[in-house]
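In: structure for this input, please:
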Amino acid sequence: MLKLSVHILTYNSEKFISKCLDSILEQKTTFLFDIVIGDDASTDKTVDIINTYTNIHDNIKLKVQNSNLGVLNNFIDTLQRCNAEYVFDIAGDDWLSDTHALQTLVDELDQNPSFSFVDSGFDCYYQRTGKIKSFVNKKIVTSAKKDYIARHKVYGTSFMGCCYRKSFVRKFVNFDEYRRQKMDFEDYPILTDLIMNSEFGLIPKTLSVYRKHRDSHSHKADSHLEVKLYFAKKYNYYRNEIEKIHQIYDKQMLHNASLTSDKKAGRKHYKPFRQPILRNFVYFLSSQSHLARKFFNLFRKI
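Out: Sure thing, here's the model as predicted:
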């Protein structure tokens, strides 16, 4: 049986996909792995670039969707083509920074058969400035597991450094239910069902790089709120956890309002903050004034 499938979703990723694929092909492993790509009907040269790789590497398997399926449906379709024991998910605009990343992830799962997934550290690359912030999730992957769970329930956990055991996904994740609930993203739902039903591992080391840019935001804050509240009901979250979920929603919506100077949304989502921090006040000002937005944009990282 194939040990690992690297699962990649692409959509208009022509600027980034080569770096992603090169970092995977440079991996040093004691096992064979394949690279399974689902392109969601890109309109740029992403598919042409990937085909230059498939012509050379027979372990790269590309499927181009006839029409745009959206993140969740493209994820499911691509996952169904992953035939390995383990699956590592990475976006087409991110890359692996450690040439032994895949080996490290697989070794951890091999040594712990009760783990449904392992999470690991990553750096953050800010496309606008070209700067890298190292080990951005250090506190998360070095925390106690109970703290990791508590944080995930409220904030969500990045799917960036996760490698999971496919048999556990089949056992605990109901993609049909996700579709019935009209969820439009997969990371929070999958990890919540796995975290709440099985054991997992944390690797306190950076293995990859997350590229942060405005075009990478694939879903909206209101979708996040609805999905989190669905799982809050499913798994009986505490009242204070639900309150924090709403606070995070207001913060994200305030941030979005600051990007477009949406005065009405800015007032609505700034109001719930009883003791607003400076950042929230800056977002509020940006939502109320085009001049303030242009000024504060000079200091944004993305």
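
In: so which residues of this protein form strands?
Out: With DSSP state E as the criterion, the chain has strands at 4-10, 33-39, 60-64, 86-91, 95-96, 115-126, 131-133, 163-165, 199-212.

In: output the ones you listed as JSON lines; include the columns mean pLDDT, mean neighbour count and distance to T46.
Out: Using the backbone N, CA and C atoms, a C-beta is placed for each residue, glycine as well. JSON lines is the format used below for the strands of the chain (pLDDT from 0 to 100; neighbours: other CB atoms under 10 Å; distance: least, CB to CB, whole Å):
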{"stretch": "strand 4-10", "mean pLDDT": "98", "mean neighbour count": "25", "distance to T46": "5"}
{"stretch": "strand 33-39", "mean pLDDT": "98", "mean neighbour count": "23", "distance to T46": "6"}
{"stretch": "strand 60-64", "mean pLDDT": "98", "mean neighbour count": "16", "distance to T46": "9"}
{"stretch": "strand 86-91", "mean pLDDT": "97", "mean neighbour count": "24", "distance to T46": "12"}
{"stretch": "strand 95-96", "mean pLDDT": "98", "mean neighbour count": "24", "distance to T46": "15"}
{"stretch": "strand 115-126", "mean pLDDT": "96", "mean neighbour count": "22", "distance to T46": "19"}
{"stretch": "strand 131-133", "mean pLDDT": "94", "mean neighbour count": "12", "distance to T46": "24"}
{"stretch": "strand 163-165", "mean pLDDT": "97", "mean neighbour count": "25", "distance to T46": "24"}
{"stretch": "strand 199-212", "mean pLDDT": "96", "mean neighbour count": "20", "distance to T46": "15"}
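
In: distance to T142 added to those, as TSV?
Out: Output for those, formatted as TSV (distance: least, CB to CB, whole Å):
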stretch	distance to T142
strand 4-10	25
strand 33-39	27
strand 60-64	34
strand 86-91	21
strand 95-96	20
strand 115-126	8
strand 131-133	16
strand 163-165	18
strand 199-212	5
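
In: which one of those lies nearest to L259?
Out: Checking the strands of the chain against L259 by CB to CB gives strand 199-212 as the closest, at 14.5 Å.

In: which strands and helices sit next to the closest one?
Out: Under the contact criterion of 3 or more CB pairs under 8 Å, 6 or more residues apart in numbering; DSSP states H and E, strand 199-212 touches strand 95-96, helix 101-111, strand 115-126, helix 138-141, helix 145-155.

In: what angle do the third one and helix 101-111 make?
Out: Angle between the axes of strand 115-126 and helix 101-111 is 160 degrees (criterion: axes from the mean of the first three to the mean of the last three CA atoms, to 10 degrees).

In: neighbouring strands of strand 115-126 in the sheet, and parallel or not?
Out: Pairing partners of strand 115-126, with direction, according to DSSP bridges: strand 131-133 (antiparallel), strand 163-165 (antiparallel), strand 199-212 (parallel).

In: which helix or strand in the chain has the lowest average pLDDT?
Out: Between all helices and strands in the chain, the lowest mean by mean pLDDT, DSSP states H and E belongs to helix 290-297, at a mean of 71.

In: hang on, the earlier thing: for Q252, find the nearest of the strands paired with strand 115-126.
Out: Closest among the strands paired with strand 115-126, using CB to CB: strand 199-212, at 14.9 Å.

In: before we move on, the earlier item: for F122, find the nearest of the strands paired with strand 115-126.
Out: Comparing the strands paired with strand 115-126 by CB to CB, strand 199-212 comes nearest, at 4.6 Å.

In: relative to strand 86-91, how tilted is the closest one?
Out: Using the same axes, to 10 degrees: strand 199-212 against strand 86-91 is 20 degrees.

In: export strand 199-212 as PDB, just CAs?
Out: Coordinates of each C-alpha in strand 199-212 appear next as PDB, following Å, rounded to 0.1, in the frame of the first residue of the first chain:
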ATOM      1  CA  GLU A 199      -6.100  11.000  19.700                       C
ATOM      2  CA  PHE A 200      -3.700  13.200  17.800                       C
ATOM      3  CA  GLY A 201      -0.100  14.400  17.900                       C
ATOM      4  CA  LEU A 202       1.800  17.700  17.800                       C
ATOM      5  CA  ILE A 203       5.300  18.100  16.200                       C
ATOM      6  CA  PRO A 204       7.000  21.200  17.800                       C
ATOM      7  CA  LYS A 205       9.000  22.000  14.700                       C
ATOM      8  CA  THR A 206       8.500  24.100  11.500                       C
ATOM      9  CA  LEU A 207       8.100  22.000   8.400                       C
ATOM     10  CA  SER A 208       6.400  24.300   6.000                       C
ATOM     11  CA  VAL A 209       5.600  27.900   5.000                       C
ATOM     12  CA  TYR A 210       2.200  29.500   4.700                       C
ATOM     13  CA  ARG A 211       2.000  32.200   2.100                       C
ATOM     14  CA  LYS A 212      -0.300  35.000   3.300                       C
END
